[in-house]
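Participant: The following comprises the amino acid sequence and a computationally predicted model.
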Amino acid sequence: MNADKKVKILATLGPAIRDAAHIRQLVEAGVNLFRLNFSHGEHADHAQRYQWVRDVERELNQPIGILMDLQGPKLRVGRFAEGKVQLVNGQSLRLDLDATPGDASRVNLPHPEIIEALQPGMSLLLDDGRLRLKVTGKQRDAVDTCVVAGGELSDRKGVNVPEAVLQLSPLTEKDRRDLAFGLELGVDWVALSFVQRPEDIVEARELIGGKAFLMAKIEKPSAVTHLEDIARLCDAIMVARGDLGVEVPAENVPRIQKDIVRTCRQLGRPVVVATQMLESMRFSPAPTRAEVTDVANAVAEGADAVMLSAETASGDYPLETVQMMSKIIRQVESGPDYQSQLDVGRPQAEATASDAISCAIRRISSILPVAALVNYSESGASSLRASRERPKAPILSLTPSLTTARRLTVAWGIYSVVNERLRKVEEVTSTALEIAQAQGMAKRGETVVITAGEPFGQPGSTNSLRIETLH
């Protein structure tokens, strides 16, 4: 088991990854879980990649998580009679429900939800924020705008509405079909796009029905506003900085990222920092210094995982990109101030036996030279609480559930082994020591901290702690 880094790597699969052997290389280089991006590709493509991951999981005998990322609503303008127009600062542009091809004075906006939500004074962004409009007037089936930042606008370019909450479900008919397909495949995580409010999480939960864990993508200003409520309702959070950076001023994104990481750690929800982390490595074998610093900052802030998108899905150097990200993570984690920085941001413990023990193992691992923290957990909840404390030693999570083990691949510092032998608490110590040694996480003479609970195997019952030396 390659447990020499605590921050996990989530890598996106795409045409650049051609077979199971390639996936195995990425896992051996440091990838912990994979993303299937349902904004691209056919179901057959995703099914093939899913199978490759499961084949590698069996070969390596280690759990590998799979996340399906739903596309969500794509808001776009209609078409132009000549394919494109040039918008000039100060000119007027009407957006309406008329499907007739547009010109420089008007264009179709086939989304009545947007027209209904817009009010005079609000901003409207086009083509990933390259063009900006200001709403000057509103009719029942149209809005009038003034061009604030002009440029070329062509057919079907995207629309962002940062200042309004749209009465729009985050799940389109395509998403519902994709979700049913992904759940049938057996994905471990579902990433929900276009989250605006807590109710969106409830809607998705009802559709998923406990068949997978839910990760909310924070990419809308309204989701930032409702962050804590959204985080409480889901299993993890993704900081989707691409769309977020379009809808909020770019200079606000680093602060928002820090706030999201801090909130998720306090609530014990894994948090993934995503988008353009090593973007230049799509076409170059080396990253920019700014990208290296960006990844390092996410690690130092306490993120559970960092994500690669096009870098591994369609880039020229997917393996080199993963190797570079692993190097950056290890470099930061080996720094003299990494642990002290994490301790400064330590969240407030809750008055539970599980949190008391989690706090204790963090403290013990900072005093004693502990090689590994071994935790037995059926649901993974106590392992996540231990991870929340960001202890100095890695966490070896023993569980009888492969589903739980796959879920935990996104969480900081946790490495899982599926073991069904444990049926009574007396077996925990000997089995924990045996597995820690077999996995290379501890060797003779080293100290191991073991936690479990009685009644044995009952979720939420973690109430015992042992300090053992491997003989």
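Facilitator: Nice, thanks for sending it over.
Participant: give me the low-pLDDT residue ranges for the protein?
Facilitator: For the chain, applying pLDDT under 70 flags the ranges 421-426, 454-461.
Participant: care to break it down by domain?
Facilitator: With domains defined by automatic domain parsing, the chain comprises 8-72+169-334, 84-160, 349-469.
Participant: Now for the residue lying closest to residue 437 once chain neighbours are set aside, how many residues are close by?
Facilitator: Leaving aside its chain neighbours, residue 437 sits nearest to residue 470 (6.0 Å; criterion: C-beta to C-beta, 6 or more residues apart in numbering). All C-beta atoms are positioned from the backbone trio N, CA, C, and that covers glycine. By the criterion of other C-beta atoms under 10 Å, residue 470 has 17 neighbours.
Participant: For residue 470, give me phi and psi.
Facilitator: Phi and psi for residue 470, reported as degrees, to the nearest 10, are phi -80, psi 120.
Participant: Could you tell me how many residues sit around residue 354?
Facilitator: With other C-beta under 10 Å as criterion, residue 354 counts 21.
Participant: swap in residue 303?
Facilitator: Neighbour tally, residue 303, other C-beta under 10 Å: 26.
Participant: circling back: and of the domains of the chain, who's closest to residue 340?
Facilitator: Closest to residue 340 of the domains of the chain is domain 349-469 (C-beta to C-beta; 9.8 Å).
Participant: and the closest one, how far out from the chain's middle?
Facilitator: Relative to the centre of its chain, domain 349-469 is centred 24 Å away, using C-alpha atoms, centre = their mean, to the nearest Å.
Participant: Repeat that for stretch 333-347.
Facilitator: Worked out by C-alpha atoms, centre = their mean, stretch 333-347 lies 22 Å from the chain centre.
Participant: Which positions within that stretch qualify as buried?
Facilitator: 333, 338-339, 342, 347 (16 or more other C-beta atoms under 10 Å).
Participant: elements contacting the longest helix belonging to the chain?
Facilitator: When the chain is parsed with DSSP state H, its longest helix is helix 43-60. In terms of contacts (3 or more C-beta pairs under 8 Å, 6 or more residues apart in numbering; DSSP states H and E), helix 43-60 is packed against helix 20-29, strand 33-37, strand 65-69, helix 173-185.
Participant: at 7 Å what do you get?
Facilitator: helix 20-29, strand 33-37, helix 173-185 (3 or more C-beta pairs under 7 Å, 6 or more residues apart in numbering; DSSP states H and E).
Participant: Out of the ones you listed, which one sits most buried?
Facilitator: strand 33-37 (a mean of 25; mean count of other C-beta atoms under 10 Å).
Participant: Identify the residues contacting that strand?
Facilitator: 8, 10-13, 46, 49-50, 53, 64-69, 307, 313, 409-410 (C-beta atoms under 7 Å, 6 or more residues apart in numbering).
Participant: can you rerun that using 6 Å?
Facilitator: With contacts defined as C-beta atoms under 6 Å, 6 or more residues apart in numbering, strand 33-37 is touched by 10-13, 46, 53, 65-69, 409-410.
Participant: quick one: it to chain centroid distance?
Facilitator: The answer for strand 33-37 is 10 Å, by C-alpha atoms, centre = their mean.
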